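A.B. asks: Predicted model follows, preceded by the sequence.
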Amino acid sequence: MSLPADLEPAVRDPKKLRRTAWTLVAIMLLGGWLILRAYDTWAVKQSLDDRPALIHRIQKERDLRMMRQDGKLADLFELRGKVFVINAFSLRDPQAAQRSMAVMKRLSEKNRDRQDFRMVSLVIDLMPAESLAATLAETATTRGFELPQWWLGSNEPATLHKFIKNELKATVYPNDSNGKWNYDPSIVLIDRNGHIRRAVVPKTRNGKPSRPEVVAFDFDQASQWDRDGLQTGTDRSNEEELEILLNKTINTLLAEPTEFR
C-alpha cells in the first residue's frame, strides 16, 4: 500500500505538548493523593476495629475424633454452635502447660453455668489403647475436668499431633526432645462457627492509628514479656492483661450468632 503523494508530516506545537504533559502530571498527582487519602481512611477504620481476628476454620472433614474421659468417642464438630477453648498438655511433662491450665481452671469457674461455652484439653502422650479410657477418667477426676463443660480427650499421637499443628495452628509440632515433651500450651479459642479466633489490639504510632496487633493467647509468652520488663501501661502484668483480653474476646464471641455451613 503506497502513501498519498501529498502527505505532509504533522507540525508539533511545543506549547500544546507542554500543556498536555502538565495536565497528565496533574491528573497523576491528584489520583495519587486520592489513593493515599482513601488508604489513610481505611487504615484508621482498621486500627479502630477490635473484632476478634479470623485465623482458620476447622472443617468437618478435618475434624478430630477423640476418646473422652467418659470412655466415649466424641468429635469436636459436636461442639459446633458453642464457643469453646482448647489446650494441649502432657501428663508426663505437665509443667509447660501450668499457666494455661490455671487460666482454663478460672474459665471453668467463671462460665460454669453457661450452656453455650465448653472447654477441651488434649493429652498428647502416647498411651496404650487398652488403658487410655481409664487414664483419662482418673486424670479428669483428679484435676476436676467435669463433663459436659470440660472435655478431656486423646487420640493416637500421629493423628492428634497433626491436628494440633495443622488445624489448631500451634507454633510447635508436639515432639519428644531428649526425653521431654516440647509442645505449644497456648489456649486456642474457637467460635460458634468453628473459626479459630484471636484478639485484636488497637495500636498507634507517632500518635496516629496504625495496623492493629493480632494476639494469640500464649500465656508463656506473656510471662516472658513480664520477665523482660515490658510494661502494659497499667498496674497489671502482661499475663493478667492477656487473661482479661481472653475473657473479653470470649464474651464477644458468645454474643455472635451461629452460621451453620
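C.D. replies: That came through, no problem.
A.B. asks: so what are the domain limits for the chain?
C.D. replies: Split into domains by automatic domain parsing, the chain comes to 54-190, 199-254.
A.B. asks: Grab the nearest non-local neighbour of K165.
C.D. replies: Spatial nearest neighbour of K165, excluding adjacent residues (Cβ to Cβ, 6 or more residues apart in numbering): Y173 at 4.4 Å. The way it works is simple: take the backbone N, C-alpha and C, and place the C-beta from them, glycine included.
A.B. asks: Quick check: the one you found vs F163, distance?
C.D. replies: Using Cβ to Cβ, to the nearest Å, Y173 is found at 11 Å from F163.
A.B. asks: out of these two, which sits in the busier spot?
C.D. replies: More neighbours surround F163 than the other of Y173 and F163, with 21 against 13 (other Cβ atoms under 10 Å).
A.B. asks: of the domains of the chain, which approaches K15 most closely?
C.D. replies: With Cβ to Cβ as the measure, domain 199-254 is the member of the domains of the chain nearest K15 (43.8 Å).
A.B. asks: can you tell me the distance between the two ends of that closest one?
C.D. replies: 14 Å (Cα to Cα, to the nearest Å).
A.B. asks: Show the average pLDDT along it.
C.D. replies: Per-region confidence: domain 199-254 scores 88 on mean pLDDT.
A.B. asks: where does that domain sit relative to the chain's centre, distance-wise?
C.D. replies: Remark: domain 199-254 is offset 13 Å from the chain centroid, using Cα atoms, centre = their mean, to the nearest Å.
A.B. asks: Also stretch 96-111?
C.D. replies: Here stretch 96-111 is found 18 Å from its chain centre; the criterion is Cα atoms, centre = their mean.
A.B. asks: Near L76, how many other residues are there?
C.D. replies: Other residues lying near L76 total 24 when counted by other Cβ under 10 Å.
A.B. asks: quick one: it from G229, how far?
C.D. replies: Distance from L76 to G229, by Cβ to Cβ: 39 Å.
A.B. asks: hey, which helix or strand in the chain has the poorest pLDDT?
C.D. replies: helix 14-48 (a mean of 63; mean pLDDT, DSSP states H and E).
A.B. asks: All set now, cheers.
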